[in-house]
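Peer 1: Sequence plus the predicted model coming up.
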Amino acid sequence: MEIGGVTMRFVPDEFSRKFFHGIPLLAAFLLLGLALTASSLAAPPQAALPAAPEMTAADLDAFFDGFFPMQLQREDIAGAVVVVVKDGKTIFSRGYGFSDREGKKPVSPEETLFRPGSVSKLFTCTAVMQLVEQGKLDLDRDVNDYLDFKIRPKFGQPVTLRRIMTHTTGFEEVLRDLFISDARDLKPLREYLIANQPERIFAPGTVPAYSNYAMALAGYLVERVSGEKFETYVANHIYKPLGMAHSTFEQPLPPALIPLMSKGYGRASDPPKAFEVVQAAPAGSMAVSGADMARFMIAHLQDGKFGDARILKPETARLMHARDFAPDPRMPAMALAFFEETRNGRTMIGHGGDTEYFHSHMHLIPGANTGLFISLNSAGAGEADLRSMLWEKFTDRYFPGQASSEPPFTASAEDAVQVAGSYLFSRRADSTLLRPMVLLGSISIAAQPDGSITMDVFKGFNGKPRRFREIAPLLFQDVDGQDRLFFRPNSAGRMTGFLFFAAFALEKAAWYETKSLNLALLLFVVGIPLSALLFWPIAGLLRRHYQRPLTLSPNELRLRRWTRLVCAFLLLTMTYWTVLLSRAAGAIGNFNSHLIPWLYLGESLALLAALSSLVALWNARRALAGSRSWWSKIQEVLIAVACLGFVWMGCVWRLFHFSAKF
């Protein structure tokens with residue numbers, strides 16, 4: 001899920017949907033002139049692009065009014081706010097739909113509060129850069145020098161603020177207490193960070209892996225060196241100078257702001273949901289009005305200045321907006337907290353954000369001194385990504401241009417085959433009990449006969465899979481769009497794919513990590529014991545009917561019955577884990593500390609099921625050594641193999657770790 005984070009446009013498993021939505025990519029091939037016998041034909045000149053309409057309040061009014069009402073109704077979204085700034089002014093600001101659908105309360109861009117999710121990170125990192133300016137923080141210094149606890153050593157390299165702000169710390173994903181269901185369970189930020197420190201699965205500065213934990217750590221550094229509570233620091237040093245009177249990181253909300261908070265919805269047609277509480281507050285707990293977000297956008301577009309106020313020095317703001325980490329010069333980069341974007345030949349920066357129910361994006365076009373902010377208060381039907389759709393239509397209308405291109409290139413079928421296979425997102429859990437969801441949600445890249453590739457998760461606005469064509473060695477671009485994928489082997493020789501969003505990457509899965517293998521193994525481990533249990537009474541009835549009793553010794557009969565009990569216990573264990581993880585995945589707030597006793601119970605059941613597999617193994621050995629029928633021998637061996645498969649799954653899926661991390 002992009003919970004409080006960047007979204008990519010793809011059809012979700014819900015764990016992935018809350019983490020991620022997928023994005024489009026384009027390929028352009030030039031037609032060379034054909035040499036003819038008597039003469040040559042020159043390629044016709046490229047058609048001139050139509051002139052962009054002037055971005056006026058009236059034109060924006062018509063554009064957005066033509067987009068939002070029908071789309072909100074179609075996607076079952078209660079309300080939205082959209083703001084456009086240009087040349088230091090707000091030129092469009094409007095609410096659509098309702099902040100309270102039952103009470104028919106309309107969205108007000110000036111007062112209604114939305115939860116922008118991970119757009120909050122831009123405020124956190126702006127606070128960090130203020131302290132960098134003052135010499136209180138250093139972007140390239142080990143964060144342990146500032147902390148009153150330690151980030152565990154790994155790879156011989158420290159975690160730094162630059163790595164945090166470019167999402168290259170290498171931390172694995174952690175969900176425990178990221179969101180909590182009750183504000184009374186909120187813990188101090190320090191306590192949360194100590195209890196949930198993740199492992200690092202990549203060396204710092206090598207593979208981008210989006211991390212809410214890392215950004216929460218950045219917020220704690222602000223507390224440590226400023227001497228102010230994080231929420232108070234942002235209010236004093238960002239909100240107040242910019243005049244953002246309807247903004248807060250506080251949870252629960254201050255009493256004066258509670259009446260202004262939009263309700264959040266799964267679908268507009270469903271009842272409203274409770275106020276979402278983000279334990280990792282600096283990563284995504286902010287509430288803000290559209291008008292206040294306009295002030296923040298203007299300040300960044302003007303290199304830290306808004307009116308007479310300045311929140312960053314010009315050189316600091318420019319450093320924050322500049323490319324910092326990228327796998328290749330032709331790919332979008334991570335700036336310091338900002339995601340670089342390219343469209344129609346323009347460079348842009350921005351950040352997206354999601355809670356369970358609110359979905360937002362902020363885009364800045366520094367070269368045009370223009371910014372756009374959109375926030376929705378409902379998850380909606382999920383059939384279309386309104387934010388991406390709006391952004392593409394907006395830029396195509398007001399900032400048309402030619403997409404970035406490469407020299408003519410003949411796609412290589414061998415390259416497509418080389419990158420094909422199963423991949424895991426870099427933003428993932430490797431060492432925790434979330435690993436089953438990662439393995440069963442792996443991504444498949446398929447090579448096509450024409451040298452293009454497709455992915456099973458990336459979809460266009462029409463719901464069809466996107467196709468990417470190679471435009472340079474291992475550089476692929478969407479046939480119908482402008483986004484790119486770039487592949488290269490890592491130090492271990494595993495192919496790594498870098499996405500349009502620079503904070504995410506794909507790593508080719510090992511053979512035992514593929515979705516097809518793990519799904520097949522899961523079906524086998526469940527199907528064989530289930531078949532044995534179902535066939536057990538049926539076989540007994542058939543033997544009685546045909547008067548063919550089992551010719552087994554009392555010990556063999558006893559061992560056979562115990563093996564069937566092992567089958568039942570294995571199925572009970574698998575059912576327990578399925579229900580537990582399914583219920584937890586229903587809402588991100590379910591992944592909290594209250595889940596720990598149930599996880600320990602599940603781990604205990606898994607260990608007991610693994611140990612009881614010895615009974616099935618012994619039974620299979622006795623069956624093979626005895627005089628049973630071949631069918632009976634095959635059945636007992638299959639049960640033993642299924643039990644061994646469960647043990648394998650328990651090891652690969654981390655079911656035996658007895659860890660409270662997730």
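Peer 2: Perfect, I can see it now. Numbers count the residues shown, from 1 in each chain.
Peer 1: what stretches of the stretch 451-600 of the chain score poorly on pLDDT?
Peer 2: Applying pLDDT under 70 to the stretch 451-600 of the chain picks out residues 542-543, 545-547, 550.
Peer 1: try 80 this time
Peer 2: For the stretch 451-600 of the chain, the stretches flagged by pLDDT under 80 are 458, 463, 538-553, 586-587, 589.
Peer 1: Where do the helices of it begin and end?
Peer 2: Secondary structure of the stretch 451-600 of the chain by DSSP state H, counting those that start in this stretch: the helices cover 515-546, 554-585, 596-625.
Peer 1: Ok, the stretch 151-300 of the chain next?
Peer 2: Ranges of helices within the stretch 151-300 of the chain are 161-165, 189-195, 212-226, 230-234, 240-242, 281-284, 290-301, based on DSSP H, counting those that start in this stretch.
Peer 1: Pull the residues that contact the fourth one.
Peer 2: Helix 230-234 is contacted by residues 123-124, 127, 189, 219-220, 222-223, 226, 248-250, 281-282 when judged by C-beta atoms under 8 Å, 6 or more residues apart in numbering. (C-beta placed from N, C-alpha, C; glycine too.)
Peer 1: Looking at those residues, which is nearest residue 165?
Peer 2: Using C-beta to C-beta, residue 124 is the member of these that sits closest to residue 165, with 9.2 Å.
Peer 1: Spatially nearest residue to that closest one, not counting backbone neighbours?
Peer 2: residue 282 (4.3 Å; C-beta to C-beta, 6 or more residues apart in numbering).
Peer 1: Determine which stretch of the helices of the stretch 151-300 of the chain is the most buried.
Peer 2: Greatest average neighbour count among those goes to helix 281-284 (a mean of 28), per mean count of other C-beta atoms under 10 Å.
Peer 1: what's that one packed up against?
Peer 2: With contacts taken as 3 or more C-beta pairs under 8 Å, 6 or more residues apart in numbering; DSSP states H and E, helix 281-284 sits against helix 120-133, helix 212-226, helix 230-234.
Peer 1: Give me the average confidence score over the first one.
Peer 2: This points to helix 120-133. Averaging pLDDT along helix 120-133 gives 98.
Peer 1: Quick check: the gap between residue 245 and residue 648.
Peer 2: Note on residue 245: its distance to residue 648, by C-beta to C-beta, to the nearest Å, is 58 Å.
Peer 1: one step back: got a markdown table for the helices of the stretch 451-600 of the chain, with distance to residue 131 too?
Peer 2: Shown next, in a markdown table, are these (distance: least, C-beta to C-beta, whole Å):
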| stretch | distance to residue 131 |
| --- | --- |
| helix 515-546 | 44 |
| helix 554-585 | 37 |
| helix 596-625 | 35 |
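Peer 1: looking at those helices, which is closest to residue 153?
Peer 2: Going by C-beta to C-beta, the one of these nearest residue 153 is helix 596-625, 26.5 Å.
Peer 1: name the helices or strands packed onto the closest one?
Peer 2: Taking 3+ C-beta pairs under 8 Å, 6+ apart as the contact cut, helix 596-625 packs with helix 554-585, helix 630-652.
Peer 1: Packed most tightly, which of those helices would that be?
Peer 2: helix 630-652 comes out most buried of those by mean count of other C-beta under 10 Å, with a mean of 19.
Peer 1: Outline the domain layout of this protein.
Peer 2: Following automatic domain parsing, one gets these domains for the chain: 57-398, 406-513, 515-652.
Peer 1: In CSV: these, plus distance to residue 658.
Peer 2: Below are those laid out as CSV (distance: least, C-beta to C-beta, whole Å):
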stretch, distance to residue 658
domain 57-398, 15
domain 406-513, 10
domain 515-652, 5
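Peer 1: Report the contact partners of residue 448.
Peer 2: Going by C-beta under 8 Å, 6+ apart, residue 448 touches 416, 454, 467.
Peer 1: which among those gets closest to residue 301?
Peer 2: residue 467 (35.6 Å).
Peer 1: where does the closest one sit relative to residue 343, distance-wise?
Peer 2: Distance, residue 467 to residue 343, by C-beta to C-beta: 19 Å.
Peer 1: Please identify which of those two sits among more neighbours.
Peer 2: A direct count of neighbours by other C-beta atoms under 10 Å for residue 467 and residue 343 places residue 343 higher, at 23 against 20.
Peer 1: before we move on, back to that, between the helices and strands packed on helix 596-625, which gets nearest to residue 591?
Peer 2: With C-beta to C-beta, the closest approach to residue 591 among those belongs to helix 554-585: 5.7 Å.
Peer 1: mind checking how far that closest one is from the chain centre?
Peer 2: Counting by C-alpha atoms, centre = their mean, to the nearest Å, helix 554-585 is centred 34 Å from the centre of its parent chain.
Peer 1: do stretch 531-543 as well
Peer 2: That offset, for stretch 531-543, works out to 46 Å (C-alpha atoms, centre = their mean).
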